Every structure is written in structure tokens, then in C-alpha cells.
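# build the 3D model from these lines:
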Amino acid sequence: MSQSPALIPATELASRNVMRMPHESAAYRQARQALLAEEIELRRHIERVAEQRRALPPGGEVIGDYRFEGEQGPCDFAALFGDKSTLVVYSYMFGPQRERPCPMCTSLLSAWDGEARDMEQRIALAVVARSPIDRLLAFKRERGWRALKLYSDVNQHFSRDYHALGEDGGDFPALHVFTRRDGVIRHFWAGEMGDETRDPGQDPRGAPDLMPIWTVLDMTPEGRDRHWYPRLDYGA
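Residues are numbered from 1 along each chain as shown. A predicted model of the protein is given here:
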């Protein structure tokens with residue numbers, strides 16, 4: 001990794017903050033300044049992790065017999081890249097055994113749908129599920145998604161090889177990043193946090209969190225509440 005420039009201590013940067021809120025107490029400001037220093041450290045840690053991720057050695061070559069069907073018809077894995085050299089694939093928990101898709105996955109993808117066109121200025125983005133394409137597109141219309149590109153994993157080899165298919169035939173969510181350099185497609189990175197890596201009292205989530213909803217709720221006094229989860233529908 002490249003050598004990082006010397007950083008000013010977070011507490012010093014926090015002390016430069018001139019923002020004050022109406023009618024705040026001295027106790028509030030003291031606690032808020034301490035929190036601001038921690039937020040600066042968190043930002044720096046996120047940057048360090050991203051730099052370390054970018055410096056990973058080349059991953060394994062993608063050589064499986066992966067077949068998909070999208071809105072434009074059948075395609076192979078390379079076609080998911082389009083004209084981009086980097087591809088992000090989200091494995092959606094919507095297998096043929098499910099009546100309805102996973103609400104958590106759906107919440108995430110609903111947020112991503114609004115960002116997909118921006119993401120695709122730099123990368124390719126594909127959502128892969130094991131249900132037939134007609135079923136996926138019917139739900140896409142129901143949900144009002146406009147920009148996400150959905151693909152059916154026709155022979156399920158991709159889901160099997162890249163940890164989105166359990167031994168019992170059940171679904172797992174998965175996030176993978178692939179690269180195409182000089183005609184060679186390789187795996188670059190995957191989310192690898194799960195039940196085995198979670199901390200006590202927390203959901204098995206990755207970091208940074210992929211779901212904007214949790215980022216917003218973490219800013220509130222109620223927090224995210226590990227017993228509450230998004231639903232597909234909240235009624236009229």
C-alpha cells in the first residue's frame with residue numbers, strides 16, 4: 001500500500017469544529033466533540049480498510065460453466081461486465097422454493113435501484129437469483145425497480161460455487177466483486193462476514209454496512225433494533 005500522509009490528531013480536528021446547535025448545553029457540546037473525534041477516526045479506518053482491500057493480490061480465475069438469463073435473453077458470465085472492467089454481483093435470496101423474496105435483500109436492492117445508474121458510470125452491477133427470469137421481472141415491476149439488472153442463474157452453478165446456495169437447497173445472500181483485465185476474469189473480493197464472525201448481541205452483518213437504512217437508523221436514539229427487520233409490505 002502507498003504510504004499515507006501524516007494525519008492531524010482527530011481530537012485536534014474536532015476542536016476546529018465551529019458548528020453549534022441552538023440552545024445546546026455545555027455537557028452536550030463536550031460529549032458531541034468527543035463523539036466527533038471518534039467519527040473522524042471511523043472515517044479514517046474506513047479509508048484504511050478500503051485501501052487494504054484495493055491492494056489484495058489477484059484472486060482466483062473464473063472458469064466455471066455459468067449460464068444466465070436476463071431481460072435481453074441468455075448470456076454467459078463475461079456478458080455481465082458489459083463494457084466495464086469491474087463487476088459487482090449480488091446474490092438475491094429469491095430461489096424457486098420461495099413464495100416471496102427475502103425482505104432484507106429486497107430492502108437493500110430497493111435502495112440500490114436508486115443508485116444503480118450512478119454506480120454503472122464506473123462499474124457493472126448485476127443481481128443474480130435462482131428463480132426463472134419471468135418471475136424475477138414480475139417482482140421487479142411490482143416493486144417499481146427501474147435500473148437494476150436482474151439475471152436468473154439458469155444452471156445454478158454460479159450460486160453453488162460462490163456461496164449463495166446451501167446444501168439443503170436454501171438461499172444465502174452474497175456479494176462478490178470480479179475484475180476483467182487483459183481478457184482474464186478473476187474474483188477480487190467477497191463479503192465474508194457471517195454467523196461465525198458476528199459479535200455478541202449483533203446481527204451477522206458486514207462492514208461498512210451495505211444497507212442505507214441501517215446507516216440512517218444508527219444516527220437515531222432508537223438505533224437499528226436487532227429485533228426489527230424490513231418487510232415487503234406495510235399495508236395501506
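# which residues of this protein score low on pLDDT?
1-4, 236 (pLDDT under 70).
# now the helices for it?
Here the chain has its helices, by DSSP state H, at 10-15, 26-54, 103-119, 133-143, 157-161, 212-217.
# mind listing residues that contact the fourth one?
In this structure, residues lying in contact with helix 133-143 by Cβ atoms under 8 Å, 6 or more residues apart in numbering are 69-71, 94, 96, 101, 106, 110, 113, 129, 148, 150-152. Yep, even glycine has a C-beta here, placed from its N, CA and C like the rest.
# what's the answer for the fifth one, then?
Outside of helix 157-161, the residues that reach it under the criterion Cβ under 8 Å, 6+ apart are G64, D65, Y66, R67, F68, F77, S91, V128, R130, D153, A164, L165.
# restricted to strands, list these.
Within the contacts of helix 157-161, residues falling in strands by DSSP state E are R67, F68, S91, V128, D153.
# and the last one, how many neighbours?
Pointing back at D153 there. Burial of D153 is recorded as 24 neighbouring residues (other Cβ atoms under 10 Å).
# so it bridges to which residues?
Beta-bridge partners for D153, by DSSP bridges, are F68.
# will you turn the contacts of helix 157-161 into JSON lines that also has distance to R141?
Output for these, formatted as JSON lines (distance: Cβ to Cβ, whole Å):
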{"residue": "G64", "distance to R141": "31"}
{"residue": "D65", "distance to R141": "30"}
{"residue": "Y66", "distance to R141": "26"}
{"residue": "R67", "distance to R141": "24"}
{"residue": "F68", "distance to R141": "20"}
{"residue": "F77", "distance to R141": "26"}
{"residue": "S91", "distance to R141": "21"}
{"residue": "V128", "distance to R141": "18"}
{"residue": "R130", "distance to R141": "19"}
{"residue": "D153", "distance to R141": "20"}
{"residue": "A164", "distance to R141": "23"}
{"residue": "L165", "distance to R141": "26"}
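# pull out the buried members of these.
Y66, R67, F68, F77, S91, V128, R130, D153, A164, L165 (16 or more other Cβ atoms under 10 Å).
# returning to what we had before: in the contacts of helix 157-161, find the pair that's most separated.
Farthest apart among the contacts of helix 157-161 by Cβ to Cβ are D65 and S91. That separation is 17.3 Å.
# hmm, back to that, got the ones in strands among the contacts of helix 157-161 as a markdown table, with distance to A27 columns?
Shown next, in a markdown table, are the ones in strands among the contacts of helix 157-161 (distance: Cβ to Cβ, whole Å):
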| residue | distance to A27 |
| --- | --- |
| R67 | 62 |
| F68 | 57 |
| S91 | 47 |
| V128 | 51 |
| D153 | 55 |
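# okay, now the closest residue to T179 other than its chain neighbours: neighbour count?
Spatially, and ignoring its direct neighbours in sequence, T179 is nearest to F188 (4.9 Å; Cβ to Cβ, 6 or more residues apart in numbering). Neighbourhood size, F188 [other Cβ under 10 Å]: 19.
# does F188 touch V177 like I think?
Yes: using Cβ atoms under 8 Å, F188 is in contact with V177, at 4.4 Å.
# residue contacts, D171?
S91, Y92, M93, F94, G95, R98, C102, A129, R130, A164, L165.
# who are the contact partners of the fifth one?
Contact analysis of G95 by Cβ under 8 Å, 6+ apart lists A129, R130, S131, L165, G169, G170, D171.
# spell out for me which residue occupies the centre of this protein.
L210 (3.7 Å; Cα atoms, centre = their mean).
# now it. Nearest residue, chain neighbours left out?
L108 (5.9 Å).
# can you give me the neighbour number for that neighbour?
23.
# list the contacts for it?
Y90, L210, M211.
# do V154 as well
R67, F68, E69, P74.
# would you reformat those as CSV and include distance to M193?
Output for those, formatted as CSV (distance: Cβ to Cβ, whole Å):
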residue, distance to M193
R67, 29
F68, 26
E69, 30
P74, 33
